[in-house]
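1. sequence-free structure coming up:
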């Protein structure tokens with residue numbers, strides 16, 4: 001399995017694979033430490049608010065596939081003892097468990113002083129010094145951030161601290177060749193971002209070019225906010241008492257000392273705590289209070305106070321495991337009383353739902369847990385060519401989580417996970433393995449319109465930005481960009497709808513169909529057929545499984561007996577509303593087709609595969625059970641998958657190793673067992689030799705590649 005690894009400030013995210021639930025925390029720390037190039041003893045891991053301890057297993061913390069594990073790096077106090085930080089997210093001061101050291105008297109900075117602290121990437125944040133430690137090698141400071149999300153307290157060294165920059169410098173007084181503190185946004189240069197120390201290269205009447213003192217931005221950049229330039233104070237020329245935090249009763253001086261305009265989380269209210277805002281707070285009242293009593297609608301993406309709803313909702317009646325929808329987005333039967341208690345929803349949805357009305361806004365009757373919302377790539381168990389009648393079914397299967405929007409993903413999630421081709425834009429061109437896709441926006445959808453003509457320019461924000469982030473190229477919000485190596489981009493699941501068949505011969509005749517993984521080759525703005533600017537994307541297929549419209553793809557669909565999935569209680573006569581093949585619409589013809597399929601009572605294993613099975617002496621019992629499944633016909637491969645699944649990673653055997661007891665395990669799974677000093681078979685507890693050599697069963701591997709073509713792709 002794989003895990004998402006993320007730093008506390010969410011600035012760094014990457015994936016670690018080749019793991020299992022029996023992997024040791026120590027092994028995971030070694031993998032992360034080698035990836036980010038830090039000493040192992042300085043690395044701390046956290047999951048679900050708990051610190052992961054050495055010697056324990058991932059299983060002990062309930063860590064599953066695609067879980068997010070956070071990390072932070074502590075600062076060494078000396079060559080042997082790191083500063084262990086126990087993180088809490090309270091407003092109170094965090095306690096650091098360590099040996100008390102004497103506070104120095106000769107330091108550049110002092111306790112309770114407000115300073116600017118540089119983090120690893122080079123941004124500066126305001127912080128208060130909680131403790132000062134005098135060490136033989138260097139002075140160490142424990143600081144508490146005021147304007148930084150996520151991490152509250154950090155231990156830093158003296159070179160990462162400078163006096164709080166309070167004095168603004170007029171643009172006319174800025175001198176070339178000196179250092180200042182400026183605001184810059186690396187993603188959107190025209191918007192407010194973070195504070196950086198910079199060296200002034202040149203300046204004009206309304207433009208200033210600087211070199212930022214940070215990692216990752218080597219070229220000179222232009223600064224837009226020339227009215228927000230701060231002088232960097234000389235630590236020897238200031239009185240630190242002027243930078244002590246005043247009483248909160250002195251509100252004006254209190255906030256002037258602590259706050260500078262960083263990149264706001266909300267562009268509407270600019271994070272003003274006293275201003276009502278329906279964008280970042282309750283959509284009904286807009287009052288910024290009671291965050292713990294706010295509900296988040298998964299459809300309209302708005303917040304609601306539980307007591308502002310009509311009728312009010314009790315937080316204790318809600319189920320944390322289910323998504324919540326506001327009254328405007330929910331569409332259930334009038335007699336459905338499960339609004340205040342979603343636990344009852346399961347008993348009513350399938351009985352009272354009218355499948356012909358309001359499916360785009362219907363609630364979930366089930367939801368896949370195999371992939372998180374920010375999961376990229378194929379969904380386990382969902383085959384290429386799988387079809388559904390409704391978009392909601394694809395959302396429940398986690399293939400495309402949005403029942404309405406054609407693009408699923410945000411910039412905060414790191415990119416786009418899936419798109420739907422439904423022929424909604426006149427600029428779309430579908431060529432099968434490649435297609436030109438048009439971004440979202442540019443249409444007036446007021447008065448509750450579902451669609452409309454293009455009436456204004458599109459922007460590279462929100463959903464459009466998420467697709468651009470999948471491209472293996474730096475972000476360019478003006479001219480677009482082209483991937484250096486398009487195969488290295490993040491994969492996007494592509495779903496085609498029958499509605500696109502009026503423009504594309506590759507669209508399905510019925511419902512919607514999953515067509516595999518695609519990558520973004522390039523993106524660019526252009527004037528569309530409507531006369532307004534649109535953002536265009538070139539998608540290219542990068543999936544080892546043959547496309548469903550090809551000859552091999554059709555043979556594979558027939559071989560696996562992949563058919564359209566109907567919702568529970570769906571009336572068969574309504575299939576004619578979805579452009580289904582008329583020969584198979586009627587009950588009698590459909591019944592005959594169904595009888596023809598089910599009459600194939602046996603599955604034929606190729607003769608060359610039977611020969612390989614016969615030579616695999618150590619797995620004769622297993623192969624005998626597999627052969628008995630041939631009588632299931634179309635259900636053979638599904639049942640065989642259960643027999644050929646590893647008990648450690650719950651996936652098909654990858655590089656299988658047959659143990660002395662006759663059971664098989666994936667190569668990386670058995671290695672993880674031995675790394676955890678668990679020298680026994682995970683199936684039957686048979687004791688294994690501690691010096692056992694791991695030999696891949698190539699015969700079994702060859703059979704698996706015939707049964708499940710392409711299943712090894714992307715695994716290592």
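-> That came through, no problem. All of these numbers come straight from a predicted model, not from anything done at the bench. Numbers count the residues shown, from 1 in each chain.
2. what ranges do the strands span in the stretch 101-250 of the chain?
-> With DSSP state E, counting those that start in this stretch, the ranges of strands along the stretch 101-250 of the chain come out as 114-118, 123-133, 140-145, 153-157, 161-163, 179-184, 194-203, 208-212, 221-223, 230-231.
3. between the third one and strand 123-133, how many degrees?
-> Relative orientation of strand 140-145 versus strand 123-133 (axes from the mean of the first three to the mean of the last three Cα atoms, to 10 degrees): 130 degrees.
4. How about strand 140-145, which residues are buried there?
-> 140-145 (16 or more other Cβ atoms under 10 Å). Backbone N, C-alpha and C define where each C-beta goes, glycine included.
5. Output the contacting helices and strands for that strand.
-> In terms of contacts (3 or more Cβ pairs under 8 Å, 6 or more residues apart in numbering; DSSP states H and E), strand 140-145 is packed against strand 114-118, strand 123-133, strand 153-157.
6. Can you give the strand pairings for the longest one, parallel or anti for each?
-> Take DSSP bridges as the rule and strand 123-133 pairs in its sheet with strand 114-118 (antiparallel), strand 140-145 (antiparallel), strand 194-203 (antiparallel).
7. Lowest average pLDDT across the strands of the stretch 101-250 of the chain?
-> Mean pLDDT is lowest for strand 153-157 among the strands of the stretch 101-250 of the chain, at a mean of 79.
8. In terms of secondary structure, what does that one contact?
-> Short answer (3+ Cβ pairs under 8 Å, 6+ apart): strand 153-157 packs on strand 114-118, strand 140-145.
9. Ok, which of those strands comes nearest residue 471?
-> Of all those, it is strand 114-118 that lies closest to residue 471, at 30.7 Å by Cβ to Cβ.
10. contact partners of the closest one?
-> Residues outside strand 114-118 that contact it (Cβ atoms under 8 Å, 6 or more residues apart in numbering) are 109, 124-129, 143, 145, 154, 156, 160-165, 181, 195, 197, 243-245, 257-258.
11. Just the buried ones among those residues, please.
-> The neighbour count (16+ other Cβ under 10 Å) marks 109, 124-129, 143, 145, 154, 156, 160-165, 181, 195, 197, 243, 257 as buried among these.
12. just to revisit the earlier point, of all the helices and strands packed on strand 140-145, which one is nearest residue 52?
-> The nearest among these, by Cβ to Cβ, is strand 153-157 at 19.3 Å.
13. Of the strands paired with strand 123-133, which is nearest residue 495?
-> Across the strands paired with strand 123-133, closest to residue 495 is strand 194-203 (Cβ to Cβ), at 37.1 Å.
14. Distance to residue 399 added to the strands of the stretch 101-250 of the chain, as a markdown table?
-> Below are the strands of the stretch 101-250 of the chain laid out as a markdown table (distance: least, Cβ to Cβ, whole Å):
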| stretch | distance to residue 399 |
| --- | --- |
| strand 114-118 | 43 |
| strand 123-133 | 37 |
| strand 140-145 | 40 |
| strand 153-157 | 40 |
| strand 161-163 | 49 |
| strand 179-184 | 39 |
| strand 194-203 | 36 |
| strand 208-212 | 41 |
| strand 221-223 | 40 |
| strand 230-231 | 49 |
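15. what residues are up against the residue lying closest to residue 636 once chain neighbours are set aside?
-> Nearest residue to residue 636 in three dimensions, chain neighbours excluded: residue 603, at 3.7 Å (Cβ to Cβ, 6 or more residues apart in numbering). When contacts are counted by Cβ under 8 Å, 6+ apart, residue 603 touches 629-634, 636-637.
16. Mind doing that once more with 10 Å?
-> Going by Cβ atoms under 10 Å, 6 or more residues apart in numbering, residue 603 touches 559, 561, 627, 629-637, 639-640.
17. distance of it from residue 171?
-> For residue 603, the distance to residue 171 equals 77 Å [Cβ to Cβ, to the nearest Å].
18. Pull the contacting residues for residue 173.
-> 229, 231.
19. Residue 382 contacts residue 514, correct?
-> Yes - Residue 382 is in contact with residue 514 according to Cβ atoms under 10 Å; the separation is 6.2 Å.
20. Between the two, tell me which one has more neighbours.
-> residue 514 (26 against 17; other Cβ atoms under 10 Å).
21. Could you list the paired strands of whichever strand or helix holds the more buried one along with their orientation?
-> Per DSSP states H and E: residue 514 is located in strand 512-527. Strand pairing for strand 512-527, using DSSP bridges, gives strand 387-388 (antiparallel), strand 481-482 (antiparallel), strand 492-497 (antiparallel), strand 533-541 (antiparallel).
22. what number of residues lie near residue 555?
-> By the criterion of other Cβ under 10 Å, residue 555 has 11 neighbours.
23. just the helices in this protein please.
-> For the chain, applying DSSP state H gives helices covering 25-36, 251-258, 349-352, 391-396, 462-469, 551-560, 587-598, 607-615, 620-628, 636-643, 667-675, 698-707.
24. what's the least confident stretch among those helices?
-> Among the helices of the chain, helix 587-598 scores lowest, with a mean of 37.
25. Residue 657 contacts residue 667, correct?
-> Yes - with contact defined as Cβ under 10 Å, residue 657 and residue 667 form a contacting pair (5.3 Å).
26. quick one: common contacting residues for those two?
-> With Cβ under 10 Å, 6+ apart as the test, residue 657 and residue 667 both reach 694-697.
27. Could you report the distance from residue 275 to residue 269?
-> Per Cβ to Cβ, residue 275 is found 5 Å from residue 269.
28. what sits in contact with each of those two?
-> 281, 286, 288.
29. Let's see if you can find the most crowded of these.
-> residue 281 leads these on contacts (other Cβ under 10 Å) with 23 neighbours.
30. who touches it in this structure?
-> 266, 269, 275, 287-291, 294, 302-305.
31. pLDDT wise, what is it at?
-> 82.
32. What's the separation between it and residue 269?
-> 8 Å.
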